[in-house]
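>>> give me a 3D structure for the following:
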Amino acid sequence: MFSLIRNALLCFLLAIATTSFAQSAHQGVTQTLNLYIQGTSHYQPKLLEKAFHKDANLLLAHDKKPFWQVPFAEYLSWFNKPNLFGKYSGRDGHILSINIRDSVATATVRINMPDKNRSYIDHIQLKKFDKRWLIISKAAQKQTVRQQKRILFIVSSANTHGETQLPAGASFSELVYAYDAFDQAGFDIDFISTSGGEVPLAYIDPSNPDHTKYLFDTDFMYALKNSKTASQIDAKNYAAVHYIGGSNAMYQVPNNPEIAALTMEIYEQHQGIISSVCHGTAGIVHLTLKNGDYLVTNKTITGYPEEFEKQDADYFKQFPFLMRKTVESRNGKFTTGPRDGSHIEVDGRVITGQNYLSSANVAKAIITQLNNKSQANLAK
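Residues are numbered from 1 along each chain as shown. The predicted model follows:
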């Protein structure tokens, strides 16, 4: 008996040590990548010296040179401009994924240069030297130009229904259909959840090619495993928020004050769009404007209504409120279309969809509105 307890304790301690090491390594790699991003975004060569090994190999993108190898010393000189120190260089960077194996790591970083109408993907290799992670190589790949402002996906961290053990998660279809539409239109997407970290998923269909495309997309799955919290987000960077459904959206998100404050800042201060799909609409029914009115008041809204639910099922008994009833009690108009078809509502800068079949159409409606806004601004 003692040996069994001892072995169990050793396994438990080993698991803790392994988790701590992985977290520490991830933090170290992230810190180095952020030094690189900050150093190139704001002419800070000292940060680049901390991020790169002095003999790092840089293979950069050039329209007329298929193999353009640049020594780190030369690359550093491009950002060593005393008269520009600390000023914005026109480059924005964003970590897409990190993969760590012992003392070596690989990462992908997206670099956007909106003023020059350019975007790149950096494929980066890092190695740990003593206690420091350093970039030892970087290969840049030119890609389709990205939009300057981003889209924020909001998901719940709840993995069960209420106080039960009934499993719940974010709808994978709603995630991938909307994500794909935004990505094809050149928008970058960030994910936030109520707790941060790994997002619980539901309704994954390995026979669906749209699902498998993203199940094997390391950058997409990395983002879902490493979602941010509202406190890590700067509202001014986002053109729209999109509340993802799945029945877990009924929990945690609707009563999260940090997410609500972030959403309303994007909507009211930065003229962004608020959108939702299916159960994700639960996340917007409690939102209030600066004047105290509910967002949904006098607006036409859709989502997954209570009459479409299995009302005798145990999961439904856990729902903290009813979607249609709540919207209508706040003088909002709640509409539905065919149960198994797409149905969306566009009411100004509030765009909602009934179910997962509506996800791509909600995204396309957002894209259309954002593009029209951009064209109007250019015409001024």
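
>>> got any ranges where the stretch 251-380 of the chain has weak pLDDT?
For the stretch 251-380 of the chain, applying pLDDT under 70 flags the ranges 375-380.

>>> now the strands: where do they sit in it?
Taking DSSP state E, counting those that start in this stretch as the criterion, the stretch 251-380 of the chain carries its strands at 273-277, 300-301, 333-334, 344-347, 350-353.

>>> mind putting these into TSV with mean neighbour count and distance to Lys142?
Just so you know, the C-beta spots here come from the backbone N, C-alpha and C atoms, and that holds for glycine as well. Output for the strands of the stretch 251-380 of the chain, formatted as TSV (neighbours: other C-beta atoms under 10 Å; distance: least, C-beta to C-beta, whole Å):
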stretch	mean neighbour count	distance to Lys142
strand 273-277	28	29
strand 300-301	20	42
strand 333-334	18	46
strand 344-347	19	35
strand 350-353	27	32
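
>>> would you list those strands in CSV and tack on distance to Ser173?
Formatted as CSV, the strands of the stretch 251-380 of the chain follow (distance: least, C-beta to C-beta, whole Å):
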stretch, distance to Ser173
strand 273-277, 10
strand 300-301, 21
strand 333-334, 22
strand 344-347, 15
strand 350-353, 12
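
>>> closest to Pro320 out of these?
Checking the strands of the stretch 251-380 of the chain against Pro320 by C-beta to C-beta gives strand 273-277 as the closest, at 16.5 Å.

>>> what strands flank that closest one, and is each parallel or antiparallel?
strand 238-243 (parallel), strand 350-353 (parallel) (DSSP bridges).

>>> if we can go back for a sec, tell me which of the strands of the stretch 251-380 of the chain sits nearest to Thr212.
When the strands of the stretch 251-380 of the chain are compared for distance to Thr212 using C-beta to C-beta, the nearest one is strand 273-277, at 21.4 Å.

>>> give me the contacts around that closest one.
The set of residues external to strand 273-277 that reach it, using C-beta atoms under 8 Å, 6 or more residues apart in numbering, is 174, 178, 239-245, 263, 266-267, 283-284, 287, 295, 303, 349-356, 358-359, 362, 365-366, 369-370.

>>> swap in stretch 112-126?
29, 32-33, 36, 61, 90-94, 96, 104-111, 133-146, 148, 188.

>>> mind listing the helices for the stretch 201-350 of the chain?
Applying DSSP state H, counting those that start in this stretch to the stretch 201-350 of the chain gives helices spanning 209-215, 218-225, 257-264, 323-329.

>>> just put these in JSON lines and tack on distance to Phe129 and mean neighbour count.
What follows is these, written out as JSON lines (distance: least, C-beta to C-beta, whole Å; neighbours: other C-beta atoms under 10 Å):
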{"stretch": "helix 209-215", "distance to Phe129": "35", "mean neighbour count": "14"}
{"stretch": "helix 218-225", "distance to Phe129": "24", "mean neighbour count": "17"}
{"stretch": "helix 257-264", "distance to Phe129": "38", "mean neighbour count": "18"}
{"stretch": "helix 323-329", "distance to Phe129": "54", "mean neighbour count": "19"}
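
>>> looking at the ones you listed, which is nearest to Ser77?
Closest approach to Ser77 among those (C-beta to C-beta): helix 218-225, 30.9 Å.

>>> for Asn159, which of the strands paired with strand 273-277 is the nearest?
Nearest of the strands paired with strand 273-277 to Asn159, taken as C-beta to C-beta: strand 238-243 at 17.7 Å.

>>> tell me which strands whichever helix or strand Gln141 is part of pairs with, and in which orientation.
Following DSSP states H and E, the helix or strand that holds Gln141 is strand 132-143. Strands that pair with strand 132-143, judged by DSSP bridges, come out as strand 52-60 (parallel), strand 118-129 (antiparallel).

>>> ranking these by burial, who's on top?
Sort those by mean neighbour count, taking mean count of other C-beta atoms under 10 Å, and strand 118-129 sits at the top with a mean of 19.

>>> now that strand: average pLDDT?
What strand 118-129 shows for mean pLDDT is 96.

>>> from the opening residue of stretch 297-304 to its closing one, how far?
One end of stretch 297-304 sits 18 Å from the other (C-alpha to C-alpha, to the nearest Å).
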